[in-house]
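**Q** The sequence and its predicted three-dimensional model are supplied below.
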Amino acid sequence: MDLHSQRTSPDKELDFYGGVIGALAPFFIFLIGVIFIALSGAPDEKGFWPILILALGAGLILSKNKKSYSEAVIDGMSERIVMIMITAWILASIIGVLMTSTGFVEALTWMASQANLRSSGYIVSTFIICCIVSLSTGSSFATILICGPLLYPTGGLMGAHLPTLAGAVIAGATFGDFSAPISDTTIASALSQKANIGMTVKSRIKYIIPALFIAMFAFVISAQMHSNDSIDTSITISGDPSGIPMLLVPVLIIWLFLKECHLVHGLMYGLLFGVVIGLISGLLPIENILSLDLENFVAKSFIIDGINRAVGISFFTILLMGLVGVVKASKIMERLVLFAEKNSQSLKQGEMWIAGTVWTAVMMTTHSIVAILMTSDFSNDVGAKKGISSVRRANILSLVVCIFPFLLPYFIPVILMSNMTSTGQEFDIASVGPLEVGLYNFMAWALLIITMVTLLFGFGRNDDNKSAINNGK
């Protein structure tokens, strides 16, 4: 059978019973299910798999042409950029496991301990540490999973204000999600808009630095307002400086991407360099690279652990992209492009349409990467017609999707951070609910301010356009 002949024709619209409402009904089913499960405390992305299967099944029932619907689902799942993102998740997750197992976070904690911090200062140092970890691993999830259990209980024992402390961890994760060159958000936004990753990362400095200072100031104020340094001044931060050589790994990766290296090139070189540094320094035992448990017929490796970490988000994305393929085949996005073209007379209005569309998509999908991929064609078309550069479009997409998933209580990062605060229970430290976690994520609030200034006043537009021109786009 010729599979290419079975693909949904791009010229034929996929029809649903109920029209547009029927086409969007699977997304509403998914959204309701996700909100319910997330607020019930879903531990990870795997908890959403059954809801996605149910949503895809509902879409099949509502579609008028079952065969075309099925092919649209497969087309959405098999888009090239989906495979690029899965490759990025796998390699970045492996690097994250490598950094964790070689004492990277402990080294950062040790460096912070040299400042002899009290509870309010500890909150600020937690934020900085998490910023460095997220910039190094490119993963907000990994940052929360690594830093939450290490930093939250200690801060609680020191008398730090718990919601602010939890907010500092997720804020640091937010920082890297927007600015790290190996962040899935950076990669998806740049590649979907045909922008160079290195050029895009450089262009984000002007957005992230003001946001960083706003967030830092807010954490200082909140920490001082809720300061309780008198609880236990005998508690100090511990750590281990032996992992300091691993700081060279993120430095190399960032340098490679700024030199405009290919995604796989940068990640693979960073991984290989990290393995070499780990072996030379003795931080990475040779058996951690690969060992065989012959009695149980299994292989063990930090590489296997890294791939396993990427499984949940990868299959979540694949299934969700099936729904996106259905929306594209229904021509809803094409109608939206035509509507936006008729109702936006300026470059500024075009940028507003891009921001508004990806905001709607991220609220519907609860997944920043899928939201970017879902609206990528729309952003490209509107951007081309309104003269919005590729770098500018990529930055607008990333700004929007790095805000609400880190603020609202039914998104995975917020739920995950709330779950991580339960690690303090064995020390009689209270947990922090999802609502408070988002409320005290001052980095996300700062990015919201920067986004509003960017859209309303054109902040960064000229620099983004120059970057795109220098890159030929």
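**A** Okay, I see it.
**Q** after the helix or strand where Gly57 lies, next one along is what?
**A** Using DSSP states H and E, Gly57 falls within helix 49-62. Following helix 49-62 in sequence order, the next helix or strand is helix 66-77 (DSSP H and E).
**Q** what's the spacing between the helix holding Gly57 and its chain's center?
**A** Offset of helix 49-62 from its chain centre (Cα atoms, centre = their mean, to the nearest Å): 25 Å.
**Q** quick one: that helix to helix 66-77, angle?
**A** For helix 49-62 against helix 66-77, the angle by axes from the mean of the first three to the mean of the last three Cα atoms, to 10 degrees is 140 degrees.
**Q** quick one: contacts of helix 49-62?
**A** Residues outside helix 49-62 that contact it (Cβ atoms under 8 Å, 6 or more residues apart in numbering): 16-18, 22-23, 25-27, 29-30, 33-34, 37, 66, 69-70, 73, 315-316, 319-320, 322-323, 326. For every residue, glycine as well, the C-beta is placed using N, CA and C.
**Q** quick check: mean pLDDT across that helix?
**A** For helix 49-62, mean pLDDT is 91.
**Q** before we move on, the earlier item: going through the contacts of helix 49-62, which ones are buried?
**A** Buried positions within those, assessed by neighbour count (16 or more other Cβ atoms under 10 Å), are 16, 22-23, 25-27, 29-30, 33-34, 37, 69-70, 73, 315-316, 319-320, 322-323, 326.
**Q** can you count the residues close to Met225?
**A** Met225 sits with 10 neighbouring residues when counted by other Cβ atoms under 10 Å.
**Q** and it, what are its phi and psi?
**A** phi -60, psi -40 (degrees, to the nearest 10).
**Q** Which residues are in contact with it?
**A** His161.
**Q** Begin at 724 from now on, thanks
**A** Okay, using 724 as the starting number, the last item reads as Met948.
**Q** before we move on, back to that, so for the helix holding Gly780, what gets flagged as buried?
**A** Buried residues in helix 772-785, counted by 16+ other Cβ under 10 Å: Ile774, Leu775, Ala778, Leu779, Ala781, Gly782, Leu785.
**Q** Okay, buried residues for whichever helix or strand Val805 is part of please.
**A** Per DSSP H and E: Val805 is located in helix 803-824. Neighbour-count burial for helix 803-824 flags 804-805, 807-824 (criterion: 16+ other Cβ under 10 Å).
**Q** Remind me what that helix packs against, helices and strands.
**A** Applying 3 or more Cβ pairs under 8 Å, 6 or more residues apart in numbering; DSSP states H and E, one finds that helix 803-824 makes contact with helix 842-860, helix 863-880, helix 907-915, helix 971-981, helix 986-1004, helix 1025-1052, helix 1091-1097.
**Q** out of the ones you listed, deepest packed?
**A** Mean neighbours per residue, mean count of other Cβ atoms under 10 Å, is largest over these for helix 1091-1097, with a mean of 28.
**Q** ranges for the strands of the stretch 1024-1173 of the chain?
**A** Secondary structure of the stretch 1024-1173 of the chain (DSSP state E, counting those that start in this stretch): no strands located.
**Q** the helices in it, which residues?
**A** Ranges of helices within the stretch 1024-1173 of the chain are 1025-1052, 1055-1066, 1070-1088, 1091-1097, 1099-1109, 1113-1124, 1135-1143, 1157-1162, 1165-1180, based on DSSP state H, counting those that start in this stretch.
**Q** now for those, which one comes closest to Ile932?
**A** helix 1165-1180 (9.8 Å; Cβ to Cβ).
**Q** Check which helices and strands the closest one sits against.
**A** Judged by 3+ Cβ pairs under 8 Å, 6+ apart, the packing partners of helix 1165-1180 are helix 885-902, helix 928-948, helix 1070-1088, helix 1113-1124.
**Q** Give the full set of residues in contact with the spatially most central residue of the chain.
**A** The chain has Asp900 as the residue nearest its centroid, 4.8 Å off, counting by Cα atoms, centre = their mean. Counting by Cβ under 8 Å, 6+ apart, Asp900 touches Ser857, Ser863, Ser906, Asp907, Thr908, Ser1091, Cys1125, Phe1129.
**Q** Look up the closest residue to the first one, ignoring the ones flanking it.
**A** Ranked by Cβ to Cβ, 6 or more residues apart in numbering and with sequence neighbours excluded, the top spatial neighbour of Ser857 is Gly899, at 2.4 Å.
**Q** Wait, that neighbour touches Phe850, no?
**A** No - Gly899 is beyond contact range of Phe850, at 11.9 Å (criterion: Cβ atoms under 8 Å).
**Q** Which pLDDT does the model give the closest residue in space to Val1085 that isn't next to it in sequence?
**A** Once flanking residues are discounted, Val1085 sits nearest to Ala1094: 3.7 Å by Cβ to Cβ, 6+ apart. Looking at Ala1094, its pLDDT is 87.
**Q** quick one, what contacts Ala1094?
**A** Listed by Cβ under 8 Å, 6+ apart, the contact partners of Ala1094 are Val1081, Ala1084, Val1085, Met1087, Thr1088, Val1124.
**Q** The second one and Asn1066: what is the separation?
**A** This means Ala1084. As judged by Cβ to Cβ, to the nearest Å, Ala1084 and Asn1066 stand 18 Å apart.
**Q** Please identify which of those two sits among more neighbours.
**A** Taking other Cβ under 10 Å, Ala1084 and Asn1066 do not tie; Ala1084 has more neighbours (26 against 9).
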